[in-house]
Structures are given as structure tokens and as C-alpha cells.
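1. got a sequence here, can you build the structure:
(2 chains)
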Amino acid sequence: MEVAIVGLGLHPFGRTATMSGLEQGAAAVRSALADAGTDFKAMQFAFGGSQDSGNADSLVNLLGLTGLQFTNVANGCATGGSSLNAAYSAIKSGQYDVGLVVGFDKHDRGAFNAKPAEWGLDDWYGETGLMLTTQYFGMKIQRYMHDYGISRDTLIRVAEKAFRNGALTPTAWRQTALSWEEIENAPMVSEPLNKYMFCSPAEGGCALVVCRADMAHQFHPRPIYLKTAVVRSRNYGSFEVFSPSQPPEVAASPTVTASRAAFELAGLGPEDIDVAQLQDTEVGAEIMHMAENGFCADGEQEQWLADGVTEINGRLPVNTDGGCLANGEPVGASGLRQVHEICVQLRGEGGARQVAGEPKVGYTHVYGAPGISGVNILAR
Amino acid sequence: MPKTPYHTDETPETFRPYGVGYIELPCGLKVESRLRENTPESLRIGMTMAMEIISVRKDEEGTDLVTFQFCAVEEAG
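-> Numbering: from 1, shown residues only, chains lettered A, B, ... in the order given. Coordinates of the predicted model:
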């Protein structure tokens, strides 16, 4: 049995001072249910999560005490991907017909205050100043630029594209395009990545109604089919955030293993993808993830960005809604925003940012600490 | 100055920015470390580095807590 996504709901990312994270999650669920033309009573199960805004199953207080199975998911940046993966299995197995996936969050300003003990590390690692994600991302792209000849111009091009796409997206947090000079001269955060090259922790909610494919048209005239949902953790030797050491043999990242598994399960290849969302918590991540997900060879990104291949009107549009860079990252919701945007594009509802040529197959990729990746392949 | 869990005796006035990098040991193992050098101009991938011990803070009993960091080595001309 195939799995369909028949309801899309988003509470806009950014800052909503008047609403808790949980309330933003509930708002996303209500709009997903309305989009599917159904109500909460019809939901047989839910998988959901948030990092900083409490237990997702508390949503029943706001949505209805219907007695449904509601499972909380906590998987860092891959929370949304893992929730969708669980829903996919629940329907695929025949256990349930229709249910809900939801993620929400509300983070403080500034870098996450990651606690070493929660990541299996000793306190000294954080106390001496190594527990900062920005440092890892800076070092990873620094080395990649050195090894594969990626220039600073390419970093700027990715940021330019993100804010340009954000300006076309009514639900984006950052809706103002930035000039080359504004990006180039922004304050440095972790060399070579500056302020406009990083996404920021934010607030927001996202929800999806999923069901058996043979029921999909009861809910929505243009269902999007979830061809595969894969989550992978790291292998020994892959270079990951929060790593006090790195063994001599370097292994492929969990993004590479998740991507390969997803393409194999879907019976598709990178050349079949019409529109993609690649985790862009900073510009270097988008660049490296283009290669890790199999879309180009290491180093080809330099030419791809110069040629506009990943622009909305390019051969492989990437992060058409401005991605994490323009939407910010409410951790629990972020992976689902990616799926939401791909569904919008495949339905042809992208408005000013709609990819031309009626895209048929889309791809989402999320990456997070301490080395997890989630990949979804979607088709109409 | 970094937010918590950063915990040293520094104040925003005395905080000195630090570099971070992976140091490849002769056996091939790479160790993540603070670097004394704190500007991109003073660092280069592949340069020779040496370890030193630096003070972090005093604990409740007044014991000096230390950690390691690496710094650039003058390369013979």
C-alpha cells in the first residue's frame, strides 16, 4: 500500500510573540486538517515532536481528547523526518488508514545551548568552548573549500538565492532579498561563514495529514505520494558535529547512506528529481549536501552555482522557499517544512516561486546532530 | 564570549577569541582542539602545530583546571 500526503499545514516560521510553540503546532494541525477537508476526530494516530516546546502529545488538550495513539518523537533536527518515517510505516504496515504528523518549536535567540551530557560527551567539552555547532560547520566547509576548490563567491551565491527565494515566499521569516555586498560584508560568525550565511533558531509549526493511497482522493484532489522515507545515523569514521576526535579512516556521512537507501527503495536516481530541499542550516551545508545526496560530484557546485542550476528556473531548483536560511529553524518543525514545500511545488501551488514545467518528483533531506539524516522522495 | 555551557574564568572584557581545528597526529588520528591562533590569516590547513596546557578556571576548592590547546610552530626557514 502506498502512502499519500493529503493535508498541508504551516504556522509561518519566524517569531510569533503571542503564541506558545504548542499553540503554533496546533495552528499548523488545524490548517492541515482543513486542507484535507477533515477533522481531528478522523485521525487514528499522530507522531510529533518539538525540541524546546514541550510534549507534542499535549496537543490533544488543544485539538480534542479523542483517544488516538499519539507518539512523541525526539530526534534532534531529524524529528520531523523521523515522525514522517514512523507514519509511513504505520500506514504501510496496514495498522492505520489515516493520521497526522506534526512538529513545532519556539527557540530563544542565538546559538543552541547544547548540553554535552545529552550528546554522550563530558562537561569539559562544552566548558572549554568546543560545543558550538557553528564551529563544526565552519571547519567542515573550510576543509571542503580547500579540497575541492569552492570559492567564497559560491558561499555568497547560496545566501543570495536563499533570501531571493524567501522574498517570493509569503510564509518565510526573511522576505527581503539581500545584495551581494550586504552578504559579503556581514559580521563574521565562524570563519568562513558570516551572519547571513547561517540560519537562525526560530519558531513555527508544520503538520501533514497522511493516509493510504487508495483513500487519498477522499481528502484532496491532488495527493502527493511518499515514495520512501529513510532515516540513518552515523557510521564510525564519518565527520560529524560534536566530535572530539576523528579516526584516520573517513567514512561516508549519514546523508550519503540515507540518500542511497532512499533512491534504491524508490527505484529512482538523482536525475529523476525535479525539485529538492537540502538541509541548509548554513550555506556550506547546502553546497556539500548537493554532492552528499548524489546530485553532483564534489567540486561541481562551483560551476552549478555560477550557472544558476539550483535557482527556481534552473535544472534542479533547491530550497525554493528560501530553506532554513530564509525560514529559520524551529527544530521540531523544520524537516516537515521541507516536505510541505515539496508538496506545494508538486501540487503547483507555489505562486511566485512555483517551479515551471509541472515538477513530478521531489526530494527532501535533513541533517542534524549527532550525525543523523532523513531523506524523503515524493511524487504526484 | 560563547554562551553556556562555556565556563571559564573569563569575563566579556578579558575574553580572548580562540581558533578551533582538528589536529592530525602522526598516527592519523585527528583531535579537535582550541587553537591559540584566532585569525584566518594565521592558520593554514596542513601547518605544523604543537600542544600546550592552558588554564580554564579555578573550581570551588581553588584547584586550577586546565585543558590542552594547539598553537603554531615556527617552521625552520
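2. which non-adjacent residue is nearest residue 56?
-> You didn't pick a chain, so chain A it is. Using Cβ to Cβ, 6 or more residues apart in numbering or on different chains and skipping residues adjacent in sequence, the residue nearest residue A:56 is residue A:48, 3.3 Å away. Backbone N, C-alpha and C define where each C-beta goes, glycine included.
3. oops, wrong one, chain B.
-> residue B:65 (4.6 Å).
4. then residue A:256?
-> That would be residue A:292: by Cβ to Cβ, 6+ apart, it lies 5.1 Å from residue A:256.
5. that neighbour: how many residues sit nearby?
-> A count of nearby residues for residue A:292, using other Cβ atoms under 10 Å in any protein chain shown, gives 23.
6. list the contacts of the residue positioned nearest the centre of chain A.
-> By Cα atoms, centre = their mean, chain A has its centre lying nearest to residue A:335, at 3.1 Å. Residues near residue A:335 by Cβ atoms under 8 Å, 6 or more residues apart in numbering or on different chains: A:77-81, A:84, A:103, A:364, A:366, A:374.
7. from those residues, which single one is nearest chain B?
-> residue A:77 (19.2 Å; Cβ to the nearest Cβ).
8. for residue A:379, see how far away the closest one is.
-> For residue A:77, the distance to residue A:379 (Cβ to Cβ, to the nearest Å) stands at 24 Å.
9. neighbour count: these two, which is higher?
-> With neighbours defined as other Cβ under 10 Å, residue A:77 and residue A:379 compare such that residue A:77 has more, 25 against 19.
10. my guess is the more buried one contacts residue A:370. True?
-> No. Residue A:77 is not in contact with residue A:370 according to Cβ atoms under 8 Å; the separation is 10.3 Å.
11. re earlier: which SSE is the residue nearest to residue A:56 in?
-> Element membership of residue A:48 [criterion: DSSP states H and E] is strand A:45-49.
12. tell me which residues of that strand come out buried.
-> Neighbour-count burial for strand A:45-49 flags A:45-49 (criterion: 16 or more other Cβ atoms under 10 Å in any protein chain shown).
13. from the residues you listed, which two are the most distant?
-> A:45 and A:49 (14.2 Å; Cβ to Cβ).
14. and the strand holding residue A:48, what does it pack against?
-> When contacts are defined as 3 or more Cβ pairs under 8 Å, 6 or more residues apart in numbering or on different chains; DSSP states H and E, strand A:45-49 sits against strand A:69-72, helix A:79-92, strand A:98-106.
15. what pairs with the first one, and is each one parallel or antiparallel?
-> Strands that pair with strand A:69-72, judged by DSSP bridges, come out as strand A:45-49 (parallel).
16. follow-up on the earlier one: which residues touch the residue nearest to residue B:56?
-> Neighbours of residue B:65 in contact, by Cβ under 8 Å, 6+ apart: B:55-59.
17. quick check: the residue minimising distance to the centre of chain B vs residue A:15, distance?
-> Centroid-nearest residue in chain B, with Cα atoms, centre = their mean: residue B:34, separated by 2.7 Å. Applying Cβ to Cβ, the value for residue B:34 to residue A:15 is 34 Å.
18. for chain B, what are the nearby residues on chain A?
-> A:110-111, A:113-116, A:123-124, A:126-132, A:135, A:138-139, A:142-143, A:146, A:191-192, A:243-248 (Cβ under 8 Å from any Cβ of the partner chain).
19. where do the helices sit along the stretch 1-150 of chain A?
-> Ranges of helices within the stretch 1-150 of chain A are A:21-35, A:59-63, A:79-92, A:123-127, A:133-148, based on DSSP state H, counting those that start in this stretch.
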